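Q: 3D model of this:
(one chain, ligands or ions: 1)
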Amino acid sequence: MTEPLLTLTGAATSYGQSQVLWDIDLAVPAGGAVALIGRNGVGKTTLLKTIIGAQRLTAGRMTFLGRDVSALGPHQRARAGIGYVPQGRHIFPHLTVRENLETGLSALAGRSGGAMKAGVPDHIFDLFPKLAQIINRKGGVLSGGEQQQLAIGRALAGQPSLLLLDEPTEGIQPSVVQQIEDALRRIRADLGVTVLIVEQYLDFAWSFADSYRVMQRGRIIRAGSTREETAAEVAHLVNI
Ligand SMILES: Nc1ncnc2c1ncn2[C@@H]1O[C@H](COP(=O)(O)OP(=O)(O)OP(=O)(O)O)[C@@H](O)[C@H]1O
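A: Got it, this is the predicted structure:
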């Protein structure tokens, strides 16, 4: 069996004195798509923040591409190939679409091949043609769906091998949700990017991901295959 792209073993983290994650074991296979689900406040966002290095591990370890990255900070992890699309998107409102995309290139600093100088890769506009049409528009005036496409495009500008997404369908109208799902499928299939997605919308999670993990009170309490179980069998662990 090939080694997983990402592993967490016995991982824990705290906000000050308050522990939020306990004993997290997670392996994300290269090329896979894993959905992280659970009620509000169970620690899903904190787990993503721990993976990107914005939250320090207080116990356990993390490997990425076979290397122990537990001690690396967020910039080093981004350069190693971990891309992040935060909840709420965090678009820079006063920067244009192009400038927002260019901020994503910073993850390429120090990588060989002049990728940073080459600018925003064309495949981002193939995935999201709308971004090319609104390239000079300020981020703050975009619709929620456009901002979500921009946030995903910005993360892809750093050429990640792992993409973390925190509730990409939140506040997005259904027709655009479908476009985002299609784009994520292509990001997996055509770009070979592995995906870990936090998603409350179970139908979307089931349609897109191969496997799921349920979180409860800072722990992963159940893991399984979205192809062998239905969303309905798991929904009672997630719905309020
Ligand atoms: N910056 C912070 N400082 C202190 N506590 C925090 C902070 N951020 C989150 N928490 C707490 O950590 C716990 C986990 O929050 P987290 O946002 O990771 O959950 P979540 O599952 O992503 O929830 P949601 O679906 O609402 O985003 C909650 O009890 C939350 O109140």
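
Q: Can you tell me the SS state at Leu26?
A: Using DSSP: H, G, I helix; E, B strand; the rest coil, the three-state assignment for Leu26 comes out as strand.

Q: Next one: it from Val177, what distance?
A: With distances defined as CB to CB, to the nearest Å, the gap from Leu26 to Val177 amounts to 26 Å. (Glycine included, C-beta is placed from N, CA and C.)

Q: Repeat that for Ala232.
A: Taking CB to CB as the measure, Ala232 and Val177 are separated by 20 Å.

Q: List the buried residues of the longest helix that the chain contains.
A: In the chain, taking DSSP state H as the definition, the longest helix is helix 174-189. With burial defined by 16 or more other CB atoms under 10 Å, the residues of helix 174-189 counted as buried are Val176, Val177, Gln179, Ile180, Ala183, Leu184, Ile187, Arg188.

Q: pLDDT wise, what is the closest residue to the second one other than its chain neighbours at?
A: With CB to CB, 6 or more residues apart in numbering as the measure, Thr169 is the residue that lies nearest to Val177, at 4.9 Å, once sequence neighbours are left out. For Thr169, the model assigns a pLDDT of 90.

Q: what secondary structure does the most centrally placed residue in the chain sit in?
A: Among the residues of the chain, the smallest C-alpha distance to the mean C-alpha position (CA atoms, centre = their mean) belongs to Leu164, namely 1.3 Å. With three-state DSSP as the basis, Leu164 sits in strand.

Q: Pairing-wise in the sheet, spell out the partners of it.
A: Taking DSSP bridges, one obtains Tyr84, Leu196 as the residues bridged to Leu164.

Q: From the ligand, how far off is it?
A: Using CB to the nearest ligand atom, to the nearest Å, one gets 12 Å for the distance from Leu164 to the ligand.

Q: My read is that that residue contacts Ala78, right?
A: No. In terms of CB atoms under 8 Å, Leu164 does not count as a neighbour of Ala78; the distance is 10.8 Å.

Q: shared neighbours of those two, anything?
A: Among the neighbours of Leu164, those also in contact with Ala78 (CB atoms under 8 Å, 6 or more residues apart in numbering) are Ile52, Tyr84.

Q: would the residue nearest to Val177 count as being in a helix?
A: No. Counting by three-state DSSP, Thr169 is located in no helix; its state is coil.

Q: And for it, the neighbour number?
A: The burial count assigned to Thr169 is 23, neighbours taken as other CB atoms under 10 Å.

Q: Give me the phi and psi angles of it.
A: Listed backbone geometry of Thr169 is phi -90, psi 0, with angles given as degrees, to the nearest 10.

Q: Pretty sure it sits against Glu199.
A: Yes. Assessed by CB under 8 Å, Thr169 is found in contact with Glu199 at 6.7 Å.

Q: residue ranges of the strands in this structure, please?
A: Chain-ordered strands for the chain, with DSSP state E as the definition, fall at 6-15, 18-28, 33-37, 59-64, 67-68, 82-85, 162-166, 194-198, 211-216, 219-225.

Q: Switch the ones you listed over to JSON lines; also include distance to Gly53.
A: Putting the strands of the chain into JSON lines (distance: least, CB to CB, whole Å) gives the following:
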{"stretch": "strand 6-15", "distance to Gly53": "11"}
{"stretch": "strand 18-28", "distance to Gly53": "14"}
{"stretch": "strand 33-37", "distance to Gly53": "17"}
{"stretch": "strand 59-64", "distance to Gly53": "9"}
{"stretch": "strand 67-68", "distance to Gly53": "13"}
{"stretch": "strand 82-85", "distance to Gly53": "8"}
{"stretch": "strand 162-166", "distance to Gly53": "11"}
{"stretch": "strand 194-198", "distance to Gly53": "15"}
{"stretch": "strand 211-216", "distance to Gly53": "20"}
{"stretch": "strand 219-225", "distance to Gly53": "20"}
